[in-house]
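Participant: predicted model, plus sequence, below.
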Amino acid sequence: MKNRRHTLLWMKDLLDHMAQCHDQLQWAGEGDPTQDYLADSLLGDLVECQRLCEELKAPRGRRPSRSLALS
């Protein structure tokens, strides 16, 4: 149960960070290097969120795959 709580708190922190990046991205000018940095940061957070979701879905003792399918 403690691991689940830790995972959920980590996910909340990631989602808060993604919201902050999104807000900053709205103010970044087109072609601004900040735009690329924020977009890369959001992509990294998405990968980590997917990993955490898979961890929550996986039965105990089974390791989730680390692949990401973006479409």
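Facilitator: In hand now; what should we look at?
Participant: and residue 52, what does it touch?
Facilitator: Contacts here follow CB atoms under 8 Å, 6 or more residues apart in numbering; on that basis residue 52 touches 7, 10-11, 14. In this view, the C-beta of every residue, glycine as well, is placed from N, C-alpha and C.
Participant: and residue 15, how many neighbours does it have?
Facilitator: Neighbour count for residue 15, taken as other CB atoms under 10 Å: 12.
Participant: name the nearest residue to it, ignoring sequence neighbours.
Facilitator: Among residues not flanking residue 15 along the chain, residue 49 sits closest, at 7.3 Å (CB to CB, 6 or more residues apart in numbering).
Participant: what helix or strand is that neighbour on?
Facilitator: Taking DSSP states H and E as the definition, one finds residue 49 inside helix 33-57.
Participant: ok, residue 5 next?
Facilitator: Using DSSP H and E, residue 5 maps to helix 2-27.
Participant: check which helices and strands that helix sits against.
Facilitator: helix 33-57 (3 or more CB pairs under 8 Å, 6 or more residues apart in numbering; DSSP states H and E).
Participant: go ahead and confirm residue 15 touches residue 46.
Facilitator: No - applying CB atoms under 8 Å, one finds residue 15 not in contact with residue 46, separated by 10.4 Å.
Participant: how many other residues sit next to residue 38?
Facilitator: That count, for residue 38 with other CB under 10 Å as the rule, works out to 21.
Participant: contact partners for it?
Facilitator: Contacts of residue 38 by CB under 8 Å, 6+ apart are 21, 24-25, 28.
Participant: looking at these, spot the one nearest residue 56.
Facilitator: residue 21 (22.8 Å; CB to CB).
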